[in-house]
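J.: how would this look folded up:
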Amino acid sequence: MTRPAFVRSLHAEWTKFRTVPTWPIGMAAAALLLVLFALLAGLSSVQKDVPPVPIGPGGEPVTDSFYFVHRPLTGNGSITVSVPRLESRIPETPDDLRPGVVPWAKAGLIVKAGTRPGSRYAAIMTTGGHGVRMQHGYVNDAGLPGTSAHRLRLVRSGDTITGYASPDGTRWTEVGTARLRGLGPTVQAGLFVASPPAVDGLGTRGTVSTATFENLRTTQATGQWTGDQIGAESPTFAGYPPRTSGSFTETGGRFTVTGAGDIAPAVRETLPTGGTVREILTGTFAALIAVIVVGALFVTTEYDGGLIHVTLAATPKRGRSLAAKATVLGSAAFVAGLAGTLVAAPLGERLADANGVYIFPVEPPTELRVAIGTAALLATASILALAVGTIVRNGAVAVTAVTVSIVLPYILMAVPFLPASVSNGLARVTPGAAFAVQQTLVPYDQVASLYKPSNGYYPLSPWAGFAVLAAYTIVALAVALAVLHRRDA
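T.: Okay, here's the model as predicted:
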């Protein structure tokens with residue numbers, strides 16, 4: 001039975017590919033480079049003396065550092081207060097603290113399972129720039145943006161905590177409700193102030209905030225008020241600006257509380273010692289070069305040796321020949337990339353963990369997406385090199401052009417002092433956008449931070465970033481096909 005023409009073309013191109021040892025070796029080298037760099041990444045970082053990272057109820061790393069004025073609350077009860085003043089200070093220099101706006105500075109009421117960082121909590125607060133918020137579980141945020149209500153109330157009923165806000169102490173609006181399973185009969189309840197670092201140009205600055213609390217009323221909360229800096233030793237706490245510290249004073253029922261830190265999910269800026277899967281897979285950079293070289297040579301060597309005449313004679317339909325080459329090449333690069341990633345990622349993570357490095361956790365579906373995405377990135381880059389090689393008919397020129405188009409934007413995006421607008425722009429319109437497939441970190445609206453590629457955050461979703469590279473490749477293939485048709489081989 002006669003095989004379809006495209007199948008015959010695939011067989012012919014596969015035969016060429018496997019009978020030239022350099023090409024399979026190049027693909028194997030790409031997989032090995034992924035593994036080798038993962039080994040180096042896992043072994044090179046040692047952080048065994050770093051304090052443990054606070055872990056939230058969902059298993060995620062969190063920032064849980066704030067000044068807490070608290071006492072026990074047993075059973076059901078409530079706590080009510082007014083917050084007439086919240087002011088923040090930001091250091092201009094180490095010796096000069098000036099008033100400033102910290103949008104996510106927080107002052108309000110909190111019910112917490114205990115003083116251990118990462119324990120369950122629910123809080124209602126007024127903020128520096130986002131109105132009244134109800135937050136719980138570190139990742140959950142709801143609120144009344146723009147409201148002027150400064151009277152706050154938390155009510156506990158079993159495991160359910162409900163937050164209310166009022167402009168006058170008479171008309172109360174429910175802001176949110178949290179279900180804290182396994183909260184226990186006795187919790188710590190009271191006042192808190194948090195003041196996260198403020199984004200300033202290419203970095204962040206530590207801040208400190210002070211709030212005034214009045215008309216404090218509690219039910220079922222007894223004992224002396226105690227002031228504590230929660231999470232003082234946590235690696236997610238940036239500390240206080242020089243010559244400031246957390247404190248509280250009480251005069252005639254009025255509390256003045258000063259605090260720093262945040263209650264929020266950890267991001268890369270607040271956990272700089274943490275590692276990511278993307279960093280374990282830094283070998284993608286070297287593997288890219290390997291598959292680009294193979295992709296370019298897969299076609300340009302035929303021009304150099306005159307074998308292209310034989311290829312086109314055997315397959316007169318030049319689009320079919322180009323498609324067969326792209327399929328064989330892309331499949332080989334995909335298999336090499338997938339195999340390398342599936343070995344490299346877990347191996348590098350285990351080695352890093354053994355050396356005390358905290359790796360931001362990744363769910364299995366995300367880990368699979370990273371592996372498939374990395375393989376697709378390598379496969380598409382090799383096909384782009386094939387297309388450019390077909391156009392320019394020169395291996396060195398093709399390798400240089402494709403390497404520069406993909407790798408140079410990647411290098412620029414990785415430069416930490418490049419403005420976010422520039423690096424995010426590169427990550428939207430250049431082939432380097434495809435590295436978004438390796439993103440595992442999640443940005444949060446309630447955490448002000450530097451969300452840019454050098455920190456592991458891409459402006460496009462993983463597959464949208466990959467689609468940018470795919471679009472460049474499709475255009476290059478179309479041009480290559482036109483060139484094949486219009487000029488002699």
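J.: From the contact counts, what lies against the longest helix seen in the chain?
T.: For the chain, the helix with the greatest residue count under DSSP state H is helix 318-354. If contacts are counted by 3 or more C-beta pairs under 8 Å, 6 or more residues apart in numbering; DSSP states H and E, helix 318-354 sits against helix 5-19, helix 22-44, helix 277-280, helix 284-305, helix 308-314, helix 364-392, helix 462-486. Placement of C-beta: from N, CA and C, glycine included.
J.: residue contacts, Gly274?
T.: Shown in contact with Gly274 (C-beta atoms under 8 Å, 6 or more residues apart in numbering): 53, 61, 266, 268, 357-360.
J.: Return the member of those residues nearest to Ala232.
T.: Closest approach to Ala232 among the contacts of Gly274 (C-beta to C-beta): Val53, at 14.5 Å.
J.: before we move on, back to that, out of the contacts of Gly274, who has the most neighbours?
T.: Within the contacts of Gly274, most neighbours by other C-beta atoms under 10 Å means Ala266, with 28 neighbours.
J.: Test my guess that it contacts Asp64.
T.: No: assessed by C-beta atoms under 8 Å, Ala266 is found out of contact with Asp64, at 9.1 Å.
J.: residues bridging contact with the two, i.e. touching both?
T.: What both Ala266 and Asp64 touch, as defined by C-beta under 8 Å, 6+ apart, is the set 54, 236.
J.: Of the contacts of Gly274, which is the nearest to Glu279?
T.: Ile359 (8.8 Å).
J.: which residues pair with the closest one across the strands?
T.: According to DSSP bridges, the residues that bridge with Ile359 are Gly275.
J.: ok, now which ones touch it?
T.: So, once contact is read as C-beta under 8 Å, 6+ apart, Ile359 ends up touching 274-277, 280, 349, 352-353.
J.: now with 7 Å?
T.: For Ile359, the contacting residues are 274-276, 349, 352-353, by C-beta atoms under 7 Å, 6 or more residues apart in numbering.
J.: Repeat that for Glu87.
T.: Here Glu87 is in contact with 99, 209-210 (C-beta under 7 Å, 6+ apart).
J.: Most neighbours among the residues you listed, which one is it?
T.: Counting by other C-beta under 10 Å, top hit in these: Ser209 with 26 neighbours.
J.: Show me the domain layout of this protein.
T.: Split into domains by automatic domain parsing, the chain comes to 5-47+273-486, 62-265.
J.: Need those domains in TSV (columns: mean pLDDT).
T.: Output for these, formatted as TSV (pLDDT from 0 to 100):
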stretch	mean pLDDT
domain 5-47+273-486	89
domain 62-265	91
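J.: ok, back up a step: what two of the contacts of Ile359 are the furthest from one another?
T.: Thr276 and Asp353 (13.0 Å).
J.: more neighbours, the two?
T.: Shown here are Thr276 and Asp353; by other C-beta under 10 Å, Thr276 has more neighbours (18 against 13).
J.: I'd like to know how far the more buried one sits from Gly143.
T.: 30 Å (C-beta to C-beta, to the nearest Å).
J.: next one: Tyr358
T.: Tyr358 sits 30 Å away from Gly143, going by C-beta to C-beta.
J.: Now stretch 169-186: buried residues?
T.: 172, 175-176, 178, 180, 183 (16 or more other C-beta atoms under 10 Å).
J.: What's the end-to-end length of that stretch?
T.: Using C-alpha to C-alpha, to the nearest Å, the end-to-end distance of stretch 169-186 comes to 27 Å.
J.: now that stretch, how far from the centre of its chain.
T.: Distance, stretch centre to chain centre, for stretch 169-186: 31 Å (C-alpha atoms, centre = their mean, to the nearest Å).
J.: Give me the contacts around it.
T.: By C-beta under 7 Å, 6+ apart, the list of residues contacting stretch 169-186 reads 72, 74-75, 113, 120, 122, 124, 132, 134, 136-137, 142-144, 151, 153, 159-166.
J.: picking up where we left off before, can you flag which of the buried residues of stretch 169-186 belong to strands?
T.: Taking DSSP state E, the ones among the buried residues of stretch 169-186 that sit in strands are 175-176, 178.
J.: Give the closest residue to Gly75 in space, chain neighbours not counted.
T.: Among residues not flanking Gly75 along the chain, Gln220 sits closest, at 5.5 Å (C-beta to C-beta, 6 or more residues apart in numbering).
J.: before we move on, what about Ala105?
T.: Nearest residue to Ala105 in three dimensions, chain neighbours excluded: Gly128, at 3.8 Å (C-beta to C-beta, 6+ apart).
J.: What distance do you get for that neighbour to Ile474?
T.: Separation of Gly128 from Ile474 (C-beta to C-beta) stands at 47 Å.
J.: for Val335, same thing?
T.: From Val335 to Ile474 the distance is 22 Å (C-beta to C-beta).
J.: try Ala198
T.: On the measure of C-beta to C-beta, Ala198 and Ile474 end up 43 Å apart.
J.: Just want to know which of the two has more residues nearby.
T.: A direct count of neighbours by other C-beta under 10 Å for Ala198 and Ile474 places Ala198 higher, at 21 against 15.
J.: Name all residues that make contact with the more buried one.
T.: 90, 100, 102, 204-205, 207.
J.: Does Gln135 touch Thr127 like I think?
T.: No: the criterion here is C-beta atoms under 7 Å, and Gln135 misses it with Thr127 at 9.8 Å.
J.: Which one of these two is surrounded by more residues?
T.: Higher neighbour count among Gln135 and Thr127: Gln135, with 26 against 21, using other C-beta under 10 Å.
J.: what about the residue nearest to that one when sequence neighbours are not counted, which SS state?
T.: Distance criterion C-beta to C-beta, 6+ apart; nearest residue to Gln135, sequence neighbours excluded, is Asp141 at 5.0 Å. State at Asp141, reduced to three classes by DSSP: H, G, I helix; E, B strand; the rest coil: strand.
J.: Surely Asp141 is in contact with Gln446?
T.: Yes: counting by C-beta under 7 Å, Asp141 touches Gln446, with 4.4 Å between them.
J.: out of those two, which sits in the more crowded spot?
T.: Set Asp141 next to Gln446 and count neighbours by other C-beta under 10 Å: Gln446 wins out with 22 against 19.
J.: what's the distance between that one and Met134?
T.: Taking C-beta to C-beta, one finds Gln446 at 11 Å from Met134.
J.: buried ones in the lengthiest strand in the chain?
T.: Looking across the chain with DSSP E, the single longest strand is strand 62-93. Using 16+ other C-beta under 10 Å as the test for burial, strand 62-93 gives 62-70, 73, 77-83, 86-91.
J.: Next one: the spatially closest residue to Gly465 that is not a sequence neighbour relative to Ala420, how far apart?
T.: Closest residue to Gly465 apart from its sequence neighbours, by C-beta to C-beta, 6+ apart: Ala436 at 2.8 Å. In this view, Ala436 and Ala420 are 15 Å apart by C-beta to C-beta.
J.: Which one's more surrounded, the two?
T.: The residue with more neighbours, out of Ala436 and Ala420, is Ala436; 26 against 18, by other C-beta under 10 Å.
J.: Make sure that one is indeed in a helix.
T.: Yes: judged by three-state DSSP, Ala436 forms part of a helix.
J.: on that earlier part again, what does the one helix or strand the residue nearest to Gly75 maps to contact?
T.: In this structure, Gln220 sits in strand 208-221 according to DSSP states H and E. Residues outside strand 208-221 that contact it (C-beta under 7 Å, 6+ apart): 71-89, 102, 105, 107, 189, 191, 193, 195, 240-241, 244, 253-260.
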